[in-house]
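In: predicted structure and sequence below. I'll ask about it afterward.
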Amino acid sequence: MTDTTTTLKGKVVLITGAGSGLGAATAQAFAGAGCRVACLDVNETAVRQTADELAARDVESIALPCDVSNADAVARSVQAVVERFGQLHVVVNNAAIDHTVSIDDMSIEQWDQVIGINLRGPFLVAKAALPVMKQQQSGHIVNVGSTAATRAWANAAAYHAAKWGLIGFSRGLGVECRPFNIRVSLVHPGGMRTHFFDRFVDQGIPMPDEQNLQDPATVAEAILFAVRMPEQSVIQEMLVTPVTETSWP
């Protein structure tokens, strides 16, 4: 059987939220596939650490502090990536935040921050990357969703709104990108062993059982798999959960 998977060696990949958790794992996964990696994160120290770890593996990389909800910051970052590498083949919109509080207790600022990073961010990054990808007549945008876009639970209304909205955005973006040979995938991870649950401790919320959480490296491999699909096909939506995931179905 002929191997028709997309070759990624030398491709340029931009990953948001690359300073930790799934973003850092995704950077490592694409580095292992021979990619050049642009790491973006609002945490400058963390994102530089990720890039340094890649450099230690002789991977060409760049670290860019960036608040993905800030249009100017996103535009500057994408421009810096293109100026450094000359191309941009893959974008992984992974940056995310949540405030686990009821609607009564959630401030307007908290709502705006969740929507700004989780939904506005992917729009801004895609908008900045599209001119480059259209000129290349190729590209792949992967948006990281959540099982929070498949059902609902209490004290996560803003997060649900953002992740459900990301479904609509991804599907609309996919339709618009087809004529330019740009693929769009949406990957929904279930619970992962990342710092995302650290806020639970501060808020006195019981931590999830680690047995029901998955290694972010596993989800990173799923993202890599989606991008490696033969170019004539696209995984439009993927759900990746631990076998014992309690939030699905």
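Out: Cool, the structure landed. Residues are numbered from 1 along each chain as shown.

In: grab the nearest non-local neighbour of Phe225.
Out: Ile235 (7.8 Å; CB to CB, 6 or more residues apart in numbering). C-beta coordinates here come from the backbone N, C-alpha and C atoms, glycine included.

In: gap between the one you found and Ala161?
Out: 25 Å (CB to CB, to the nearest Å).

In: mind listing the helices for this protein?
Out: 21-32, 44-55, 71-85, 108-115, 121-136, 157-177, 198-203, 216-228 (DSSP state H).

In: out of these, nearest to Gly145?
Out: Smallest distance to Gly145 across the helices of the chain (CB to CB): 5.3 Å, for helix 157-177.

In: could you dump that closest one to PDB, C-alpha only?
Out: Listed next in PDB are the C-alpha coordinates belonging to helix 157-177 (Å, rounded to 0.1, in the frame of the first residue of the first chain):
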ATOM      1  CA  ALA A 157     -21.200  28.900  31.000                       C
ATOM      2  CA  ALA A 158     -18.600  31.100  29.400                       C
ATOM      3  CA  TYR A 159     -16.400  28.200  28.600                       C
ATOM      4  CA  HIS A 160     -19.300  26.300  27.100                       C
ATOM      5  CA  ALA A 161     -20.300  29.300  25.000                       C
ATOM      6  CA  ALA A 162     -16.800  29.700  23.700                       C
ATOM      7  CA  LYS A 163     -16.300  26.100  22.800                       C
ATOM      8  CA  TRP A 164     -19.700  25.600  21.300                       C
ATOM      9  CA  GLY A 165     -19.000  28.800  19.300                       C
ATOM     10  CA  LEU A 166     -15.700  27.300  18.200                       C
ATOM     11  CA  ILE A 167     -17.700  24.600  16.500                       C
ATOM     12  CA  GLY A 168     -19.600  27.100  14.400                       C
ATOM     13  CA  PHE A 169     -16.500  29.100  13.600                       C
ATOM     14  CA  SER A 170     -14.500  26.000  12.600                       C
ATOM     15  CA  ARG A 171     -17.200  24.800  10.200                       C
ATOM     16  CA  GLY A 172     -17.700  28.200   8.600                       C
ATOM     17  CA  LEU A 173     -14.000  28.600   8.300                       C
ATOM     18  CA  GLY A 174     -13.600  25.200   6.700                       C
ATOM     19  CA  VAL A 175     -16.200  26.100   4.000                       C
ATOM     20  CA  GLU A 176     -14.400  29.400   3.200                       C
ATOM     21  CA  CYS A 177     -11.000  27.700   3.100                       C
END
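
In: can you give me the offset of it from its chain's centre?
Out: Its chain's C-alpha centre and that of helix 157-177 lie 13 Å apart, by CA atoms, centre = their mean, to the nearest Å.

In: with stretch 74-84 instead?
Out: So, by CA atoms, centre = their mean, the centroid of stretch 74-84 is 17 Å from its chain's centroid.

In: before we move on, what about stretch 145-155?
Out: 17 Å.

In: also stretch 11-25?
Out: 7 Å.
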